[in-house]
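K.L.:
Please find the sequence and the predicted model below.
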Amino acid sequence: MAKVTIDGKTIEVADGTTILQAARMIGPDVAPPTMCYHSKLKTSGGYCRTCLVEVTKGSEKDPRPMPKLVASCRTNVMDGMEVGNLTSPKVIEARKGVVEFLLLNHPLDCPICDQAGECHLQDLGYEHGSAKTRTDFERRTFEKISLGDKIQLHMTRCILCYRCVKVADQITDNRVHGVLNRGDHSEISTYIENVIDNDFSGNVIDVCPVGALTDKTFRFKSRVWFTKPVCAHRNCDKCSGKVHLWYKGEEVLRVTGRKDQWGEVEEFICNTCRFDKKKTSDWEIDGPAPVNRHSVISANHYQTLKMGSEFKLNDVKPLSITEGEGS
Amino acid sequence: MGKKLLLAYDHVPGIKGFEVYRANGGYKSVEKAVKTMSPDAVVEEVKKSGLRGRGGAGFPTGMKWSFLAKPEGVARYLVCNADESEPGTFKDRYLMSRIPHILVEGMITSGFALGATAGYIYIRGEYFYIVSILEKAIEEAYANGFLGKNILGSGFNYDLYVHVGAGAYICGEETALLESLEGKRGNPRIKPPFPAIAGLYGCPTVVNNVETIAAVVPIINDGGEAYAAVGIGKSAGTKLISASGHINKPGVYEIEMGITVEDFIYSDEYCGGIKNGKKLKAVVAGGSSVPILPADKILTTPSGEKRLMSYESLADGGFASGTMLGSGGFIVMDETASVVENLHTFARFYHHESCGQCSPCREGTGWMEKILHKILDGHGTMEDIELLWEIQSKIEGNTICPLGDAAAWPVASAIRHFRSEFEEYVKNSNNLKKVRHYDSVNQLVSA
């Protein structure tokens, strides 16, 4: 066991735990933001540099501070370690820099982006970025690429978190998906512009923190904040069948994997569940989805609602000025 | 004349071939090591010699070797980093193309010390013509029983391969090199684990620079103590310096560490002074990534002493007034050179070579290049200079591998020591102004 203190809060965790995992155990107040780390994907993390933290004391045995900021998602805790996240001015500065770098070539086309409202980059920019841009250069752009009839790749929005590459490597049979070119010309690609064709390919959409990979069956149907997420399941022979259904009125517009409070998929789902089962009759409804902070849909919508069998879909209404409780 | 350890027989005709090399004392270190020494004794000699990594970081080689994990039944590898791509550095090219056998010999002796089953020489794609030279040398070593099974009857088995890179600076970073050697995209790995624990194919691996490996030969021949007696303090031995720029005699020189920078630039034995009788303006002492220093600061340390060609002396004063020995790419600029133009060239290089894995380097290197381009084209503002400073400070130390630092340091040092020159470009912008327009695919074009 190792005792670690993050922003003055101490927790005891198992050896081999990363600083990020320890911080998440303490709670969202001290957890560094992440863009590329994904708890269900091995070797993810370390690329985006948003979770950089300052280690002010290495360990009980070797109390020297670490010379550089470290990626908390890839650095293990040591007994007696002390870490500064939001309390470290160095970290705040560095993170501001990272946000600026991530937005440097991002098109900021949020008004027409399907990810808007549940985009980690929006949250990150809002919480850790600065208000103005300092670049007046042409932004890098790419042609849109179709990865089959279900998935759209819009590389211009990509922040190269490598999550989709890891999904393609780790949960599907073939390595069909990777990165071409280098530097700021790097692009995610299926060699080259191939259709992704396997039962779990749709998960690349769920793990994408921005709007670079989107669901063609949902594109431009609705802003996410006008849809209501509902937990549902079905017996599926390929995956766990545990999903979120996103309703607009009576209609299921979109099916996604269930995400935890960090916006990371809990269990990967198959393409049949995701793309082909869009009728309420296909599903057993479990109740309203717990909505995490990475969404504009506030959890307050459901406070008065019942779970399980008492749950009635039509009771779930988007909050509006007239309908809202207001309290 | 300074002592020569690596280039001692450089002048001998035919030294490229096995017979001549052998006749001049070649492969003695292999004989001595495998016949009379234990692997640990070889490592001990290298530790005693005080040899430090010649690729740029200057990490003690003996210590690096002693970190190598040695689990039972797991293969160990020795990898030679011949991906010499740092602008201004061309010493390994010289050594490998002139005396390929010294590298082969060093690889065998070092491989024996580490208990490696195989050695790999990872050479940059642009050095294609050297590949055949090395392969011929390896072939000759096999034919004479210095490679393969049961070397010199000692029971030591060792194979040596040359692997050609595809031309990426980033593959000189040791973990990116290993990825590339494994046939993957050359992205640096996130450390830990370090290669000494899990390197090539997940096995314990040592990665050393060409010059480091070659230096093992004289160390084993003459003993670690004899090597440590050459040089100065913790900068033991000799160093190959690639001298280029506005000097009378550019080229590769083997120096005894501890000679003064002034001697190196002005003496006839080495650079032979500044070309056309011009004045010295600045020096990039260790390859493009180390801080640039103006003439007064490169010749004397902050305490007023003469600066020496050694790891410690060049770094004296930290980044405020010092630099680094790095890989020994010694670029000299005379009074006519433009620091800003030179910096733009470096920045363009780092932008082109960034692997794109982590955000600060991927986005920041391109941004810095664009701003420098803007300043050179007469569109710069004073704010742009501040912004450049800001960007480099946000890259430095925040990236996965040292390429980010390498891109940031030249920018930081150029602004630190030559800010007025940047300001000149901004003030005189009207005279420099070039029409900027965009072509059909929205690429910026300078008229």
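P.N.:
Yep, it's here. Numbers count the residues shown, from 1 in each chain, chains lettered A, B, ... in the order given.
K.L.:
contacts and neighbour counts: CA atoms only from here.
P.N.:
Will do.
K.L.:
what sits up against stretch A:142-157?
P.N.:
Identification of contacts with stretch A:142-157 by CA atoms under 8 Å, 6 or more residues apart in numbering or on different chains yields A:105-107, A:140-141, A:187-188, A:190, A:193-197, A:202, A:205, A:210-217, A:275.
K.L.:
How many residues are close by residue B:223?
P.N.:
Using other CA atoms under 10 Å in any protein chain shown, residue B:223 has 17 neighbouring residues.
K.L.:
how close does it sit to chain A?
P.N.:
36 Å (CA to the nearest CA, to the nearest Å).
K.L.:
Can you tell me which residues in the stretch 301-447 of chain B are near chain A?
P.N.:
B:351-364, B:366, B:370, B:391, B:394, B:397-400, B:442 (CA under 8 Å from any CA of the partner chain).
K.L.:
Give me the buried entries from the contacts of stretch A:142-157.
P.N.:
For these, a burial check counting by 16 or more other CA atoms under 10 Å in any protein chain shown picks out A:105-106, A:140, A:187-188, A:190, A:195-197, A:202, A:205, A:210-217, A:275.
K.L.:
Need the mean per-residue confidence for whichever strand or helix holds residue B:110.
P.N.:
Secondary structure assignment for residue B:110, by DSSP states H and E: helix B:100-114. Averaged over helix B:100-114, pLDDT sits at 98.
K.L.:
After that helix, heading C-terminal, what element do we hit next?
P.N.:
Helices and strands here follow DSSP H and E; after helix B:100-114, the next one along the chain is strand B:118-123.
K.L.:
circling back to that earlier point, could you check the angle the helix holding residue B:110 makes with strand B:118-123?
P.N.:
Orientation check (axes from the mean of the first three to the mean of the last three CA atoms, to 10 degrees): helix B:100-114 against strand B:118-123 gives 140 degrees.
K.L.:
what subset of the contacts of stretch A:142-157 is also close to chain B?
P.N.:
Near chain B, taking CA under 8 Å from any CA as the test, the members of these found are residue A:105.
K.L.:
Among the contacts of stretch A:142-157, which lie within strands?
P.N.:
A:187, A:188, A:213, A:214, A:215 (DSSP state E).
K.L.:
What is the nearest of those to residue B:171?
P.N.:
Relative to residue B:171, the closest of those is residue A:187; by CA to CA it sits at 19.0 Å.
K.L.:
hang on, the earlier thing: just the buried ones among the residues of the stretch 301-447 of chain B next to chain A, please.
P.N.:
Among those, those scoring as buried are B:351-364, B:366, B:370, B:391, B:394, B:397-400 (criterion: 16+ other CA under 10 Å).
K.L.:
and residue B:81, how many residues sit next to it?
P.N.:
Residues lying near residue B:81 (other CA under 10 Å) number 27.
K.L.:
and if you look at residue A:143?
P.N.:
Neighbour count of residue A:143, defined by other CA under 10 Å: 9.
K.L.:
what does residue A:149 give?
P.N.:
Per other CA under 10 Å, the neighbour tally for residue A:149 reads 12.
K.L.:
try residue A:185
P.N.:
18.
K.L.:
which ones are touching it?
P.N.:
Residue A:185 sits next to residue B:356 when contact means CA under 8 Å, 6+ apart.
K.L.:
Please report how far it lies from residue A:100.
P.N.:
According to CA to CA, to the nearest Å, residue A:185 stands 18 Å off from residue A:100.
K.L.:
Also residue A:198?
P.N.:
According to CA to CA, residue A:198 and residue A:100 sit 36 Å apart.
K.L.:
Check residue A:130 too.
P.N.:
Separation of residue A:130 from residue A:100 (CA to CA): 8 Å.
K.L.:
quick one: which of those two has more around it?
P.N.:
Taking other CA under 10 Å, residue A:130 and residue A:100 do not tie; residue A:100 has more neighbours (27 against 12).
K.L.:
So the more buried one sits against residue A:128, correct?
P.N.:
No: here residue A:100 does not reach residue A:128: they are 9.6 Å apart, not a contact under CA atoms under 8 Å.
K.L.:
give me phi/psi at the residue in chain A that chain B sits nearest to?
P.N.:
Proximity of chain A to chain B (CA to the nearest CA) peaks at residue A:183, 3.7 Å away. Main-chain torsions, residue A:183, degrees, to the nearest 10: phi 60, psi -150.
K.L.:
Find the nearest non-adjacent residue to it, please.
P.N.:
Of all residues not flanking residue A:183 in the chain, residue B:356 sits nearest, at 3.7 Å (CA to CA, 6 or more residues apart in numbering or on different chains).
K.L.:
Please enumerate the strands of chain A.
P.N.:
A:2-6, A:9-13, A:52-57, A:70-71, A:81-84, A:145-146, A:151-153, A:178-180, A:187-189, A:213-215, A:228-233, A:242-248, A:251-257, A:284-288.
K.L.:
same thing with chain B?
P.N.:
Secondary structure of chain B (DSSP E): strands at B:77-82, B:118-123, B:159-164, B:205-209, B:231-232, B:235-236, B:238-245, B:251-256, B:280-284, B:292-294, B:329-334, B:436-438, B:444-446.
K.L.:
give me the low-pLDDT residue ranges for the chain?
P.N.:
No chain specified, so I'll use chain A. Within chain A, the stretches with pLDDT under 70 are A:174, A:192-193, A:292-327.
K.L.:
could you do chain B instead?
P.N.:
For chain B, applying pLDDT under 70 flags the ranges B:1, B:434-447.
K.L.:
report the longest helix in it, please.
P.N.:
When chain B is parsed with DSSP state H, its longest helix is helix B:403-427.
K.L.:
distance between that one and the chain's centre?
P.N.:
In terms of CA atoms, centre = their mean, to the nearest Å, the centre of helix B:403-427 is found 22 Å from the chain centre.
K.L.:
And stretch A:126-137, by the same measure?
P.N.:
On the basis of CA atoms, centre = their mean, stretch A:126-137 sits 21 Å off its chain's mean C-alpha point.
K.L.:
how far does that stretch stretch from start to finish?
P.N.:
End-to-end distance for stretch A:126-137, by CA to CA: 22 Å.
K.L.:
likewise stretch B:196-205?
P.N.:
From its first residue to its last, stretch B:196-205 covers 5 Å (CA to CA).
K.L.:
List the buried residues for it?
P.N.:
For stretch B:196-205, a neighbour-count test (16+ other CA under 10 Å) marks B:196, B:197, B:198, B:199, B:200, B:203, B:204, B:205 as buried.
K.L.:
now swap in stretch B:32-51 and tell me
P.N.:
B:33-34, B:39, B:42-51.
K.L.:
Looking at those residues, spot the one nearest residue A:51.
P.N.:
Minimum distance to residue A:51 across the buried residues of stretch B:32-51 is 37.5 Å, recorded for residue B:51 (CA to CA).
K.L.:
residues contacting that closest one?
P.N.:
By CA under 8 Å, 6+ apart, the contact list for residue B:51 reads B:60, B:61, B:62, B:212, B:215, B:228, B:235, B:236, B:237.
K.L.:
For the stretch 151-300 of chain A, which segments are assigned as helices?
P.N.:
Using DSSP state H, counting those that start in this stretch, the helices of the stretch 151-300 of chain A run over A:163-170, A:203-207, A:271.
K.L.:
And the longest one, what does it pack against?
P.N.:
Same thing as helix A:163-170. If you count contacts as 3 or more CA pairs under 8 Å, 6 or more residues apart in numbering or on different chains; DSSP states H and E, helix A:163-170 packs onto helix A:203-207.
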